[in-house]
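In: My questions are about this predicted structure, shown below with the sequence.
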Amino acid sequence: MADLGLDDSAHDTGRTGEKKKIVIAQITFAYFNDQVITWLRKRGALIKTEKYELLNELNDEIDEGIKD
């Protein structure tokens with residue numbers, strides 16, 4: 001992993017002047033979120049057009065959908 005440019009003095013143990021090696025893990029993840037994106041686009045359109053009754057119905061649908 002490439003050096004992240006951390007200051008060496010931050011790694012000093014304070015006892016012998018030795019440096020501790022710090023390792024940072026990188027994590028990348030993804031998941032299928034096409035349904036979430038569809039809901040959010042529809043939700044945005046309903047808010048923009050002030051269709052709050054339909055918005056409440058969609059919110060319920062989203063709540064149920066993310067529980068599955």
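Out: Nice, I can see it.
In: drop to CA atoms for contacts and neighbour counts, all remaining ones
Out: Noted.
In: mean confidence for the helix or strand K42 falls within?
Out: If you go by DSSP states H and E, K42 is part of helix 34-48. Computed over helix 34-48, the mean pLDDT rounds to 94.
In: so after it, what's the next helix or strand?
Out: Assigned by DSSP H and E, the successor of helix 34-48 is helix 52-67.
In: in that following helix, what's buried?
Out: Using 16 or more other CA atoms under 10 Å as the test for burial, helix 52-67 gives 55, 58, 62.
In: Show me what it is packed up against.
Out: The contact analysis (3 or more CA pairs under 8 Å, 6 or more residues apart in numbering; DSSP states H and E) places helix 52-67 against helix 34-48.
In: What is the helix it packs on packed up against?
Out: Counting contacts by 3+ CA pairs under 8 Å, 6+ apart, helix 34-48 is packed against helix 52-67.
In: ok, residues contacting the helix it packs on?
Out: 36, 39, 43, 46-47 (CA atoms under 8 Å, 6 or more residues apart in numbering).
In: one more time with 7 Å, if that's ok
Out: 43, 46 (CA atoms under 7 Å, 6 or more residues apart in numbering).
In: what is the mean pLDDT for that helix?
Out: 94.
In: Out of the buried residues of helix 52-67, the closest to K21 would be?
Out: Nearest to K21 out of the buried residues of helix 52-67 is I62 (CA to CA; 45.3 Å).
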